[in-house]
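Asks: Model the structure of this input:
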Amino acid sequence: MPTSKVFSHGGKDISDILDDNPNIRQSFPQILGLRDLDKLISESVHSKIVQRSRSAIEEARSLASIFIPTRSYFEALNTLKKHYFVVLDGPPEMGKTAIARILSLVYLLEGFEAIDCRDPDDIFSLFKNNVKQIFIADDAFGRTEYNIASGLAWERDLPKLLNNINENHLLVWTSRKHILQYALAAMDLSGTSRRFPKPSEVLVDASELTIAEKALILYRHGRAVNLEEDERMSVRTLARRISTDKNFTPERIRRLFTDEYNIDWHNLDFDRTHEIIVHSLANPTDHMTKSFNSLSNKYKWLLITILEIEGFFTRASDILERLCQRVGAMTQTTFDRLLNDLDGTFIRVNVAKNESVRTVDWIHPSYRDLLIEVLQNDQELQEEFLKTANVEGITLALSVSGSSYGERLLPFTKTENSFNIIRTRCLEMLRDTPNTRNIKVLFDALQKAVSHEKITDRKRGRIKSIQIEMATLFIEHCQDSTIPLASILESISDIHILYPEEAPRISIIPTLDGIIAGLLEDAINMTEGVFDLTDISFYDLNLIYEIIESYDDHPNKHEFEMKIGTLFDEIDHHLFDSISDVEITGDKQTDEQALSDLENLKYYLTIFSEAIDNQGIENLITKIVREISNLEESIPPDPEDPHEISGGEMGGFSIEGLFSDF
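Replies: Numbering: from 1, shown residues only. Presented below is the predicted three-dimensional model:
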């Protein structure tokens, strides 16, 4: 080829080409592990963005050199481009968190702030209209079981949150499948899932890996740990057996190349090495259990304390404070030594650059599962834990969706004495804690437990007695003006519906008057000429209605009907005017939000139309039905995305060929 030109490119030239083509980084994120990550970020991203994204960078750092872009990764990337919101779901250890972290790193290098968040409040407090941001909520609804407090927070603010998600503000959730299903079911009950996109549009199933993807994951992990030649020979020989093992998960492969499984890669007895590996993959907690049992009590209680108070950014100082409450006074030096000794085994201690605050997290959620199993099986340790458990500890004891696939129910209720301790702690916290958030979480934990179809009648009876006893005590507090009834109206409503004959009688008129006054103010203050019903909530009014309907002859029933009729006589023209102001904008997101608001309003008005005879309500429903029909006809279907990124085909893939240069 005498006329051909030859170009010689060095490593810097290749790096420059990659930096100038961010789509290559999206399609091949594994190249992020080929360069010094700090240097790459400093050259590509503004320093202020780097500083605000420090936590996300630290989380992604260890993944860059071992990550393999799977089908789930590309599906998540395309979903994020199309809907600006993606939910990665699936069983534990399948790489959901790794995908979320790499997505945040890819977008960081395109000028986005990458922000870890625990709940909607984190997003609202850090949200900036004029800044590109990607928010990562890892295990959004709980690590190893549904977390009631997290669910309540997302349920409350999801409608407002989705209004702010767009091409410059992206949201990524990860969740175990059964926990996500539990969360969406809870949202459905309260009417808020009307604002949730169709699950099929934003859900990405991360539960399956192809043989080729498994082999590449094994290859990357093995190359990352600098094995000796005889060790590499063992991996080459066993690569097919490991990659096709039915218990293969990315997390278990990570452990193969650490000291956690005690694999002797120098051993050239392949059959024996294979036997050990197969056992390790099938029984990943054996070694962890032995390690925990060998710990002294102070280490065990440190881990149990982390289990009880852990959040997504659990501060070491908070752990020390709670640990001292359990085991007695402890110096900072002693605590630091305990923490450092466990760092890298069960937990990891994080100190972001230029920050003095230390945070603690599990190396993997499966370690959290292990701690729960230990408490579940050790009755003495379980009772000791329950005697001083906080709200989070009690909700964990009563959880109904734990472990890998949601099969763990009420883990710390093995004996009658455990129930007695839980009852005592619930009543103590109700008497001593004016915090209405904690009280609501306790009521909700009991409600979810008693409603689960698989718990025994004996346990259901015990939970019922605790619910009624707590409701009675709570209403006494309300009558003493210690706590407003409206703060946990939903919980009281649930108890009245479940046990109408045994639930404590309560006058709802003072609470009803307060709710009606608020609705009147909201309606009157609605901006003229602007359709905005998102701040008008009939939810609490509906809860009052449910309490009244749970009785055959509630003493406040007639007064309720009178007050509701008067309310709608005063506000129906405000609502009618706002509904009339609905305009088809042509913007799909805006029109869909208007449609969601109208459907939500119709839902509640239909309920009240059954309770009272009011022509104004009937007129509003007729008007809403007409506007909904107009909007539905105007919203166009989603176009096909011409820029969808694909990972390509793996035709002709050979495990032996891949590992030939290992």
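
Asks: Leaving out chain neighbours, which residue sits closest to residue 326?
Replies: Once flanking residues are discounted, residue 326 sits nearest to residue 301: 5.8 Å by C-beta to C-beta, 6 or more residues apart in numbering. Just so you know, the C-beta spots here come from the backbone N, C-alpha and C atoms, and that holds for glycine as well.

Asks: Same check on residue 309?
Replies: residue 322 (5.3 Å).

Asks: There's contact between that neighbour and residue 305 in this structure, I believe.
Replies: Yes: using C-beta atoms under 8 Å, residue 322 is in contact with residue 305, at 5.1 Å.

Asks: neighbour count winner among those two?
Replies: Ranked by neighbour count (other C-beta atoms under 10 Å), residue 322 and residue 305 place residue 305 first, with 23 against 20.

Asks: Tell me which residues touch that one, please.
Replies: Under the criterion of C-beta atoms under 8 Å, 6 or more residues apart in numbering, the neighbours of residue 305 are 319, 322-323, 326.

Asks: Secondary structure of the residue nearest to residue 309: a helix, I assume?
Replies: Yes: applying DSSP: H, G, I helix; E, B strand; the rest coil, one finds residue 322 inside a helix.

Asks: what about residue 173, which helix or strand?
Replies: For residue 173, the host element (DSSP states H and E) is strand 169-175.

Asks: which residues in the stretch 401-550 of the chain form strands?
Replies: In the stretch 401-550 of the chain, no strands are defined using DSSP state E, counting those that start in this stretch.

Asks: now do the chain
Replies: 85-89, 113-116, 133-137, 169-175, 203-205, 314-315, 347-351, 358-362 (DSSP state E).

Asks: which stretch among the ones you listed comes nearest residue 224?
Replies: Distance to residue 224, taken as C-beta to C-beta, is lowest for strand 347-351 among those, at 17.2 Å.

Asks: So for the closest one, what gets flagged as buried?
Replies: 347, 350 (16 or more other C-beta atoms under 10 Å).

Asks: Comparing the strands of the chain, which yields the minimum mean pLDDT?
Replies: Mean pLDDT per stretch puts strand 347-351 lowest among the strands of the chain, at a mean of 82.

Asks: So which other helices or strands are in contact with that one?
Replies: helix 332-342, strand 358-362 (3 or more C-beta pairs under 8 Å, 6 or more residues apart in numbering; DSSP states H and E).

Asks: Quickly name whichever of the contacts of residue 305 is closest to residue 493.
Replies: Nearest member of those to residue 493, counting by C-beta to C-beta, is residue 322, at 33.2 Å.

Asks: Report the contact partners of the closest one.
Replies: 305, 308-309, 390 are the contacts of residue 322 under C-beta under 8 Å, 6+ apart.

Asks: Would you state the predicted confidence (pLDDT) at residue 621?
Replies: 85.

Asks: residue contacts, the residue lying closest to it once chain neighbours are set aside?
Replies: Of all residues not flanking residue 621 in the chain, residue 605 sits nearest, at 5.3 Å (C-beta to C-beta, 6+ apart). By C-beta under 8 Å, 6+ apart, the contact list for residue 605 reads 538, 617, 620-621, 624.

Asks: how close does residue 605 get to residue 579?
Replies: Computed as C-beta to C-beta, to the nearest Å, the residue 605 to residue 579 distance reads 11 Å.

Asks: what is in contact with the two at once?
Replies: Both residue 605 and residue 579 are in contact with 620, 624, where contact means C-beta under 8 Å, 6+ apart.

Asks: Leaving out the residues flanking it, which one is nearest to the residue nearest the centre of the chain?
Replies: Nearest residue to the geometric centre of the chain (C-alpha atoms, centre = their mean): residue 140, 1.1 Å. Nearest non-adjacent residue to residue 140, counting by C-beta to C-beta, 6+ apart: residue 173, 4.3 Å away.

Asks: what's the burial count for the one you found?
Replies: By other C-beta under 10 Å, 23 other residues sit near residue 173.

Asks: With residue 206 instead?
Replies: With other C-beta under 10 Å as criterion, residue 206 counts 25.

Asks: same check, this time on residue 586
Replies: Using other C-beta under 10 Å, residue 586 has 10 neighbouring residues.

Asks: before we move on, what about residue 165?
Replies: Residue 165 has 17 nearby residues by other C-beta under 10 Å.

Asks: mind listing what it touches?
Replies: Residue 165 touches 84-85, 171, counting by C-beta under 8 Å, 6+ apart.

Asks: Which members of these are classed as buried?
Replies: The neighbour count (16+ other C-beta under 10 Å) marks 84-85, 171 as buried among the contacts of residue 165.

Asks: one step back: now distance to residue 231 too, for the strands of the chain, in a markdown table please.
Replies: What follows is these, written out as a markdown table (distance: least, C-beta to C-beta, whole Å):
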| stretch | distance to residue 231 |
| --- | --- |
| strand 85-89 | 33 |
| strand 113-116 | 35 |
| strand 133-137 | 35 |
| strand 169-175 | 33 |
| strand 203-205 | 35 |
| strand 314-315 | 36 |
| strand 347-351 | 25 |
| strand 358-362 | 28 |
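
Asks: Distance to residue 358 and pLDDT for the contacts of residue 305 - can I get that in JSON lines?
Replies: Listed next are the contacts of residue 305 as JSON lines, based on distance: C-beta to C-beta, whole Å; pLDDT from 0 to 100:
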{"residue": "319", "distance to residue 358": "9", "pLDDT": "92"}
{"residue": "322", "distance to residue 358": "15", "pLDDT": "91"}
{"residue": "323", "distance to residue 358": "14", "pLDDT": "92"}
{"residue": "326", "distance to residue 358": "20", "pLDDT": "88"}
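
Asks: List just the nearest of these to residue 378.
Replies: Nearest to residue 378 among the contacts of residue 305 is residue 326, at 15.7 Å by C-beta to C-beta.

Asks: just checking, the closest one touches residue 302?
Replies: No: between residue 326 and residue 302 there is no contact under C-beta under 8 Å: 9.4 Å.

Asks: out of these two, which sits in the more crowded spot?
Replies: Taking neighbours as other C-beta under 10 Å, residue 326 and residue 302 compare with residue 302 leading, 27 against 17.
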